[in-house]
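S.K.: Okay, here's the prediction I keep looking at, along with the sequence it came from:
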Amino acid sequence: MPDVIEAAKNIERFGAEGITVHPRPDERHIRRSDVYELKKVVTTEFNIEGYPSEDFIRMVLKVKPQQVTLVPDPPEALTSSAGWDTIKHEAFLKEVVKRFHDAGIRTSLFIEADTEMIFRAAKTGTNRVELYTEPYAANYEQDREAAIKPFIEAAKAAATAGLGLNAGHDLNLDNLRYFKDNIPGLLEVSIGHALISDSLYLGLENTVQMHLERLRY
């Protein structure tokens, strides 16, 4: 307890349009075995994120989710705290992206709101980028207009580069609507910690519905 498979099924039933998992090497977020079991039951988009080590790549190629999100976290990292340096790692990312594309899996690169890194991300062949939104969330209460500004520019850069746009990290019921309303071309957001934390007080179904309400146009 809790049963992650049952939770994912319920979250979909409550209206979520996708399930994201991050199987780390120490399995503290989710077990590798859960990833294979989830593939059998997820009926919406299944997104697996993680650092593209060889064992992670093999797992994703075997599971074949709709999307894989590549993050630059080393195995010992507690959580995602930076985006890819797409200049330094361009050749590596290009090779990994090709392996996933050959298997018919859409790719996304976890990236900061840095226009140069976004333009260089396009050179890897990735389909999308996922904006690392912790800086936005951290500064939202103090000055939301200043907090959102670099993300607006990043979104414009992604559109110019022909990249789809995702976002995630520290988005919650307080800051989500403002982000959605100001970011052009936003395709999806991944929300984990806030959703589960709020569900302790508000209930899982209600929490999913509240997040969806903030994303509706």
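M.R.: Great, that's in hand.
S.K.: Show me the helices in the protein, by range?
M.R.: 4-13, 32-41, 54-63, 90-102, 115-122, 134-139, 144-160, 176-182, 193-202, 204-215 (DSSP state H).
S.K.: In TSV, list these along with distance to residue 48, mean neighbour count and mean pLDDT.
M.R.: No exception for glycine: its C-beta is placed from N, CA and C like everyone else's. Listed next are the helices of the chain as TSV, based on distance: least, C-beta to C-beta, whole Å; neighbours: other C-beta atoms under 10 Å; pLDDT from 0 to 100:
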stretch	distance to residue 48	mean neighbour count	mean pLDDT
helix 4-13	13	16	96
helix 32-41	6	14	96
helix 54-63	5	16	97
helix 90-102	10	16	98
helix 115-122	19	20	98
helix 134-139	21	17	98
helix 144-160	21	17	98
helix 176-182	23	17	98
helix 193-202	18	14	95
helix 204-215	20	17	96
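S.K.: Now distance to residue 169 too, for the ones you listed, in JSON lines please.
M.R.: As requested, the helices of the chain are exported to JSON lines (distance: least, C-beta to C-beta, whole Å):
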{"stretch": "helix 4-13", "distance to residue 169": "19"}
{"stretch": "helix 32-41", "distance to residue 169": "20"}
{"stretch": "helix 54-63", "distance to residue 169": "19"}
{"stretch": "helix 90-102", "distance to residue 169": "19"}
{"stretch": "helix 115-122", "distance to residue 169": "16"}
{"stretch": "helix 134-139", "distance to residue 169": "5"}
{"stretch": "helix 144-160", "distance to residue 169": "12"}
{"stretch": "helix 176-182", "distance to residue 169": "11"}
{"stretch": "helix 193-202", "distance to residue 169": "9"}
{"stretch": "helix 204-215", "distance to residue 169": "15"}
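S.K.: how about the ones you listed, which one is nearest residue 82?
M.R.: helix 134-139 (9.4 Å; C-beta to C-beta).
S.K.: Against residue 151, how distant is residue 208?
M.R.: Residue 208 sits 24 Å away from residue 151, going by C-beta to C-beta, to the nearest Å.
S.K.: can I assume residue 67 is in contact with residue 109?
M.R.: No. Contact criterion C-beta atoms under 8 Å: residue 67 and residue 109 do not qualify, at 11.4 Å.
S.K.: how deep is residue 174 tucked in, by neighbour count?
M.R.: Residues lying near residue 174 (other C-beta atoms under 10 Å) number 12.
S.K.: mind listing what it touches?
M.R.: By C-beta atoms under 8 Å, 6 or more residues apart in numbering, the residues touching residue 174 are residue 140.
S.K.: pLDDT value on it, please?
M.R.: On pLDDT, residue 174 comes in at 97.
S.K.: Now do the phi/psi pair for it.
M.R.: With angles defined as degrees, to the nearest 10, residue 174 sits at phi -80, psi -40.
S.K.: All further residue positions should be reported with the first residue as 12.
M.R.: Sure thing, new numbering starts at 12, so read that last one as residue 185.
S.K.: which one is residue 32 nearest to, not counting chain neighbours?
M.R.: Once flanking residues are discounted, residue 32 sits nearest to residue 41: 4.9 Å by C-beta to C-beta, 6 or more residues apart in numbering.
S.K.: Pull up the gap between that neighbour and residue 17, please.
M.R.: Residue 41 sits at a distance of 14 Å from residue 17 (criterion: C-beta to C-beta).
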